[in-house]
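Chemist: Output the structure for:
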Amino acid sequence: MSASRTALVTGGTRGIGKAIAMRLARDGFRVAVNYARERGGAARAIDEVKAMGPAAVALQADVSRPEECGRLLEDAARAIGPLDVLVNNVGPFLERALADTSDDEWRQMMDGNLGSAFWCSRAVLPSMRARGAGSIVNVSALNAEVSPGMTHEAPAYFVAKTAVVMLTRSMARSEGIHNIRVNAVSPGFIETEAYAGWDPVEQARWRSHIPLGRFGRPDEVAEAVAFLVSEKAGYVSGSVLHVHGGLWV
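Modeler: Predicted structure coming up:
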């Protein structure tokens, strides 16, 4: 893969996002890693990404705000060049019943999950259209669009993630004429910091429902993203790739 390709990963300083950034760097991408607030964490993440490929930079922006998405894409283009790949990975989670969800919490889930993907994609499309090429991958969530499963426990989050899938399919239809591919990855239970504090009994309960018998790893999600942005997936657009070990909750 050409070392000239460029990629931006939102929320790329830990967990799945960092694994994606590291995987793309290993493939020769110049990578911009976005973070919102933790400058120290971003510096440590960049060191890890640079261990895979030296051309990496950390860029601050709160992508739940449309004006900051525009600035982020401009900063990324200046730092590493016009983007070939955008990975919309940011996705705050809230486990709260619908009746207990406040207006602010609802907006945070919509802006952080759906809004960030929309605003960043909108900002990058003019450049991709002008060059007649590009790939966008949106990170959704476990079966968000097909199964009620856990959705009653975190309705705002899953409504937003389901809308991310609809956004993916809509953009795949509208942007295909510009040779821009748009796909989504929907991870299941992945061993990130978010699950580190889980009660062992609860973890065991969920593992018992997963046909492969374990939680996934961030690098396994990163492999899915690497495939979708590669030439091997040149005829794949509008697809949702589930990375969940066979679990349909």
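
Chemist: And the helices in the chain?
Modeler: 15-26, 39-52, 66-80, 103-109, 116-131, 155-175, 193-196, 200-207, 218-228 (DSSP state H).

Chemist: will you turn these into TSV that also has distance to residue 96?
Modeler: C-beta here means a position set from N, CA and C on the backbone, and glycine is covered the same way. Shown next, in TSV, are the helices of the chain (distance: least, C-beta to C-beta, whole Å):
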stretch	distance to residue 96
helix 15-26	21
helix 39-52	26
helix 66-80	25
helix 103-109	7
helix 116-131	20
helix 155-175	7
helix 193-196	15
helix 200-207	17
helix 218-228	25
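
Chemist: To residue 137, which of those lies closest?
Modeler: helix 218-228 (5.3 Å; C-beta to C-beta).

Chemist: What is that closest one packed up against?
Modeler: When contacts are defined as 3 or more C-beta pairs under 8 Å, 6 or more residues apart in numbering; DSSP states H and E, helix 218-228 sits against helix 15-26, strand 134-139, strand 180-187, strand 240-243.

Chemist: weakest of the helices of the chain by average pLDDT?
Modeler: Least confident of these, judged by mean pLDDT, is helix 193-196 with a mean of 75.

Chemist: roughly how far out does that helix sit from the chain middle?
Modeler: How far helix 193-196 lies from its chain's middle: 17 Å, per C-alpha atoms, centre = their mean, to the nearest Å.

Chemist: returning to that earlier point: now the helices and strands packed on helix 218-228 in JSON lines, with distance to residue 111 and mean neighbour count?
Modeler: Below are those laid out as JSON lines (distance: least, C-beta to C-beta, whole Å; neighbours: other C-beta atoms under 10 Å):
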{"stretch": "helix 15-26", "distance to residue 111": "18", "mean neighbour count": "26"}
{"stretch": "strand 134-139", "distance to residue 111": "15", "mean neighbour count": "26"}
{"stretch": "strand 180-187", "distance to residue 111": "19", "mean neighbour count": "25"}
{"stretch": "strand 240-243", "distance to residue 111": "22", "mean neighbour count": "18"}
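
Chemist: Compare those and give me the one nearest residue 70.
Modeler: strand 134-139 (16.0 Å).

Chemist: Would you mind writing the CA trace of the closest one as PDB?
Modeler: This file holds the C-alpha atoms of strand 134-139, laid out as PDB (Å, rounded to 0.1, in the frame of the first residue of the first chain):
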ATOM      1  CA  GLY A 134     -12.200   8.400  -0.800                       C
ATOM      2  CA  SER A 135     -13.400   6.000   1.800                       C
ATOM      3  CA  ILE A 136     -15.400   6.700   4.900                       C
ATOM      4  CA  VAL A 137     -16.000   4.200   7.700                       C
ATOM      5  CA  ASN A 138     -18.500   4.900  10.500                       C
ATOM      6  CA  VAL A 139     -18.400   2.900  13.700                       C
END
